[in-house]
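Participant: coords below, sequence missing:
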């Protein structure tokens, strides 16, 4: 059944494949026919902020097309699954991940995990941690977003308003023929930066 599901699913990634298998098994318990189950699963286009396609941008001066996606992933397991799915679907594309840690306490707790999984991207750009009022702790420098960026050979975006210029510098190193995917990832207000990136003139 996995091979059948793999052929009909429009969303990439093993996590989506096994979610579909679980849905299929529930359908069988409810005595729904294979035809109806598979037809329903084949129409699934994904969910909000889970590898959600936002559009294409072209950064000057090279105007290389960049496909922009938005993803809610903020835990190492989620990040690993999402980046792996992008690799599966577009193995030859350059993959840039802009990650905003969610809560300083979570950044500290999963620091080594973040370092490991973010290396799956060709380049990681790290935003300052999104702080949640009443839930966060004082951050030790060794667990900061800036330290995370340095630990993975990434770029720390101290001033998010300068994000476009930093991204332009990263993309400029790639040949004009490069196919690039940009995934904006995190559970904080990174979605606002996605919106600005898509709707602004670059």
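Facilitator: Here it is on my side, so go on. Every value quoted in this text rests on a predicted model; they were computed, and no experiment measured them.

Participant: so how far is residue 145 from the residue lying farthest from the centre of the chain?
Facilitator: The C-alpha centroid of the chain is most remote from residue 31, which lies 36.1 Å away (Cα atoms, centre = their mean). As judged by Cβ to Cβ, to the nearest Å, residue 31 and residue 145 stand 51 Å apart. (C-beta placed from N, C-alpha, C; glycine too.)

Participant: do residue 153 as well
Facilitator: According to Cβ to Cβ, residue 153 and residue 145 sit 15 Å apart.

Participant: so these two - more neighbours on which side?
Facilitator: residue 145 (23 against 10; other Cβ atoms under 10 Å).

Participant: the more buried one touches residue 127, doesn't it?
Facilitator: Yes - contact criterion Cβ atoms under 8 Å: residue 145 and residue 127 qualify, at 6.7 Å.

Participant: what residues are shared contacts of the two?
Facilitator: Common neighbours of residue 145 and residue 127, using Cβ atoms under 8 Å, 6 or more residues apart in numbering, are residue 101.

Participant: who touches residue 8 in this structure?
Facilitator: Contacts of residue 8 (Cβ under 8 Å, 6+ apart): 38, 41, 42.

Participant: need the pLDDT of it.
Facilitator: pLDDT recorded at residue 8 is 77.

Participant: next: residue 81.
Facilitator: 91.

Participant: mind listing what's buried along the helix or strand containing it?
Facilitator: Using DSSP states H and E, the element containing residue 81 is helix 76-89. Using 16 or more other Cβ atoms under 10 Å as the test for burial, helix 76-89 gives 76, 78, 79, 80, 81, 82, 83, 84, 85, 86, 87.

Participant: and the chain, what are its domain boundaries?
Facilitator: With domains defined by automatic domain parsing, the chain comprises 2-42, 52-199.

Participant: out of those, deepest packed?
Facilitator: Highest mean neighbour count of those: domain 52-199, a mean of 17 (counted as mean count of other Cβ atoms under 10 Å).

Participant: and the strand or helix carrying residue 193, how far out from the chain's middle?
Facilitator: In the assignment (DSSP H and E), residue 193 maps to helix 190-199. Its chain's average C-alpha position is 14 Å from that of helix 190-199, according to Cα atoms, centre = their mean, to the nearest Å.

Participant: ranges for the helices of the protein?
Facilitator: Using DSSP state H, the helices of the chain run over 2-8, 14-29, 34-42, 76-89, 104-109, 111-118, 145-151, 163-172, 190-199.

Participant: now residue 76, nearest residue through space, not along the chain?
Facilitator: Among residues not flanking residue 76 along the chain, residue 113 sits closest, at 3.3 Å (Cβ to Cβ, 6 or more residues apart in numbering).
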